[in-house]
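**Student:** coordinates for the following, if possible.
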Amino acid sequence: MMQPSPRPTTEVRDVILDSMDRMFDQLANRLDGLTNDEYLWEPVTTMWTVRTIGQTTAVDGAGIRDLDPAPATTIAWRLWHVAMDCLDDYTRRFHGDPSDAPAEWTLEAGVAIETLRQKWSSYRGEIASRDWWDQLGRDWGPWANHSVADMAMHASNELVHHGAEIGLLRDLYRASEAGGHLS
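**Tutor:** Predicted structure coming up:
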């Protein structure tokens, strides 16, 4: 666990990074003991997940945005979304690569968690090294005129709300007698 920065501080960067570290640690701690069955559990039909298709594993709905209503998703899908579709995507955009996140992901919970940790570390290092009031620029599409600080807050939102959803799925998995469908 990262040590919190000393207080009081007037540095917005330190306050936000410290908060984000705590958010990430909460998610990482909530993933302790995640099994492959739980990771891929589909408590209802028509969930988006990660599936073996031919010789590859593919993420359902990769690249599709803003569905209303959004489909229910597995822990596997949510970890791909946070690690690749968010953190990795943001890091790549800082380096001029606005391409979509890869549509391949792992069927192994341990590999997914380690990848999430790596992508968090890269993203955190990237934003910590930037001027937080700089505009993001053209590689960021509709976010182009927003600041690095705006993007940090957006990433915080992704960590918190998907982390909470993952936690709820883990609670429901345990309550469903180890992975049965919910009534």
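**Student:** helices of this protein, start to end?
**Tutor:** Per DSSP state H, the chain carries helices over the ranges 12-30, 36-39, 75-80, 89-94, 109-128, 148-175.
**Student:** so what's Lys119 up against?
**Tutor:** Ala83, Met84, Leu87, Asp88, Thr91 (C-beta atoms under 8 Å, 6 or more residues apart in numbering). To be clear about C-beta, it is placed using only N, CA and C from the backbone, and glycine gets the same treatment.
**Student:** so the second one is in contact with Ser99, correct?
**Tutor:** No. Under the criterion of C-beta atoms under 8 Å, Met84 makes no contact with Ser99, lying 11.5 Å away.
**Student:** compare the two (neighbour count), which wins?
**Tutor:** Taking other C-beta atoms under 10 Å, Met84 and Ser99 do not tie; Met84 has more neighbours (23 against 9).
**Student:** just give the nearest non-adjacent residue to the more buried one, would you?
**Tutor:** Ala101 (4.2 Å; C-beta to C-beta, 6 or more residues apart in numbering).
**Student:** quick one: that neighbour and Tyr90 touch, right?
**Tutor:** No. If you go by C-beta under 8 Å, Ala101 and Tyr90 don't touch, sitting 10.3 Å apart.
**Student:** among these two, which residue is more densely surrounded?
**Tutor:** Between Ala101 and Tyr90, counted using other C-beta under 10 Å, the more crowded position is Tyr90 (23 against 19).
**Student:** spatially nearest residue to that one, not counting backbone neighbours?
**Tutor:** Closest residue to Tyr90 apart from its sequence neighbours, by C-beta to C-beta, 6+ apart: Tyr123 at 5.8 Å.
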